[in-house]
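>>> Below: sequence and its predicted model.
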Amino acid sequence: MSEASQESIIETAKAVLKLEAQGILGLLKRIGPPFEEAVRMVLSSRGRVVLTGIGKSGLIARKIAATLTSTGTPSVFLHPVEALHGDLGMVREGDVVIAISNSGRTLELNKILPTLRELGAKIIGFLGDPISPMARYCDVIVDVGVEREACPLNLAPTSSTTAALAMGDALSVVLLKQKEFKEEDFRRFHPGGSLGERLRSKVFQVMSKGEKVPMVYKGARLMDAIVEMDKKTLGAVIVIEEGKAPAGIITDGDLRRAILKGVDLRSATVDDIMTVSPKTISMHQNNSEALRLMEIHEIMHLVVVDDSHKVVGLLHLHDLLGREDFRLNGQ
């Protein structure tokens, strides 16, 4: 390789870093009242923060969700395409959605945002174009636009994704300080602390069990299942057969979809809307395996069974991430 070629490589790399640094510095003048409103919206929320985006913005959304969660703000990632096919059921009234798009014209996002508003979620837009079509669905718009991409064709998301990621870090750190999140709190959410201990422990040690498990028999009236679900407050009810074998599961999302399809809740039975053959896990499995299954299947509940495949509990994602301080319990 010639000396000139080596110099070109180095200069190109420096130019990329300079453009991306300029993109981040350009955000300084955009930190103002909308950003403060976004922070207050998250702080006052009764639910979680739901990050969504597609393509490179989706990858940035996943990282921001991970940073928020590890610093005391429970967050999840919602894939816009999967949301169009049922995963909108994971969003609840009181949640705050952060939708990320450089163009603001992402078709999949513009399709789901109106429904998210109808579900009672507040929407924060991390937008590169504050007057784009997506802006009209947002309660708050945080401008993350950059003058140009580091890509010489000005096409590949480079400076724009770096800017969105930096704004997500800014939001995470501000929330951390506002919540007075301390070093000991941080340890609890990392492998050296209680989250790691929780994931290394067994499913039966954190699952809901006994009278806390929402269950109805196959063929039961749907209204009875709704009453059971509301009483046990886990967002789902297990449908069992004789001998307590799992036959299905009904989640909040299943109920919403049934309502949208016009199902008569008073005359229907659980068999009409339940998801048959629900995902199960042995009570003796590690919680890390349970979390892996939830991530693979993009679900929030696992039916827990014993060695005879009888239902003994229900595991919710929040049981893994920590509803409360973790204490190991016996079987």
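Good, I have the coordinates. Numbering: from 1, shown residues only.
>>> Can you name the helix or strand that residue 226 falls in?
Element membership for residue 226, per DSSP states H and E: helix 222-232.
>>> Can you work out which other helices and strands pack against that helix?
Here helix 222-232 touches strand 215-217, strand 236-240, strand 246-251, helix 252-260, helix 270-273, going by 3 or more C-beta pairs under 8 Å, 6 or more residues apart in numbering; DSSP states H and E. C-beta here means a position set from N, CA and C on the backbone, and glycine is covered the same way.
>>> Those: which one's closest to residue 293?
Closest to residue 293 of the helices and strands packed on helix 222-232, according to C-beta to C-beta: strand 246-251, at 13.7 Å.
>>> Give me the angle between the helix holding residue 226 and strand 236-240.
With axes from the mean of the first three to the mean of the last three C-alpha atoms, to 10 degrees defining the directions, helix 222-232 sits at 130 degrees from strand 236-240.
>>> Can I get the helices and strands packed on helix 222-232 in JSON lines including mean neighbour count?
As requested, the helices and strands packed on helix 222-232 are arranged in JSON lines below (neighbours: other C-beta atoms under 10 Å):
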{"stretch": "strand 215-217", "mean neighbour count": "18"}
{"stretch": "strand 236-240", "mean neighbour count": "26"}
{"stretch": "strand 246-251", "mean neighbour count": "23"}
{"stretch": "helix 252-260", "mean neighbour count": "17"}
{"stretch": "helix 270-273", "mean neighbour count": "18"}
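>>> which one of these has the lowest average pLDDT?
Per-stretch mean pLDDT for the helices and strands packed on helix 222-232 is lowest at helix 252-260 (a mean of 90).
>>> chain center to that one, what's the gap?
Its chain's C-alpha centre and that of helix 252-260 lie 19 Å apart, by C-alpha atoms, centre = their mean, to the nearest Å.
>>> going forward, begin numbering at 13 instead of 1
That works, and once the first residue is 13, the last one we named lands at helix 264-272.
>>> Run through who's touching it.
98-102, 104, 131, 234, 238, 241, 247-248, 277, 280, 284-287 (C-beta atoms under 8 Å, 6 or more residues apart in numbering).
>>> Just the buried residues of the residues you listed.
99-102, 104, 131, 234, 238, 241, 247-248, 285-287 (16 or more other C-beta atoms under 10 Å).
>>> between the residues you listed, which is nearest residue 45?
residue 131 (26.3 Å).
>>> right, and the closest one touches residue 95 too?
No - contact criterion C-beta atoms under 8 Å: residue 131 and residue 95 do not qualify, at 10.9 Å.
>>> can you pull out the strands in the chain?
61-64, 87-90, 108-113, 134-139, 152-155, 220-221, 227-229, 248-252, 258-263, 287-288, 292-294, 313-317, 323-328 (DSSP state E).
>>> can you tell me how far the most centrally placed residue in the chain sits from residue 51?
In the chain, the centroid-proximal residue (C-alpha atoms, centre = their mean) is residue 88; its distance is 1.6 Å. When distance is defined by C-beta to C-beta, to the nearest Å, residue 88 is 19 Å away from residue 51.
>>> Name the residues that touch the lengthiest helix in the chain?
If you go by DSSP state H, the chain has its longest helix at helix 15-37. For helix 15-37, contacts defined as C-beta under 8 Å, 6+ apart pick out 158, 159, 160, 161, 162, 170, 171, 172, 174, 175, 178.
>>> what do you get if the cut-off is 6 Å, keeping everything else the same?
158, 162, 171, 174, 175, 178 (C-beta atoms under 6 Å, 6 or more residues apart in numbering).
>>> just these now: which is nearest residue 145?
residue 158 (19.6 Å).
>>> that older thread, so for the longest helix of the chain, mean pLDDT?
Mean predicted confidence for helix 15-37 is 85.
>>> That helix: which residues count as buried?
28, 31, 32, 35, 36.
>>> any chance of the residues you listed in TSV, with distance to residue 253 too?
Below are those laid out as TSV (distance: C-beta to C-beta, whole Å):
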residue	distance to residue 253
28	60
31	62
32	58
35	58
36	57
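>>> of all the residues you listed, which comes closest to residue 330?
Closest to residue 330, out of all of these and judged by C-beta to C-beta, is residue 36, at 34.0 Å.
>>> distance of the closest one from residue 161?
When residue 36 is compared with residue 161 (using C-beta to C-beta), they lie 14 Å apart.
>>> Overlap in contacts, the two.
Contacts common to residue 36 and residue 161, judged by C-beta under 6 Å, 6+ apart, are absent.
>>> Domain-wise, how is the chain divided?
According to automatic domain parsing, the chain comprises the domains 15-193, 213-333.
>>> Pass me the low-pLDDT residue ranges in the stretch 63-212 of the chain, would you?
Across the stretch 63-212 of the chain, the ranges flagged by pLDDT under 70 are 194-210.
>>> Near residue 92, how many other residues are there?
Residues within reach of residue 92, counting by other C-beta atoms under 10 Å, total 25.
>>> how near is it to residue 103?
Distance of residue 92 to residue 103, computed by C-beta to C-beta: 12 Å.
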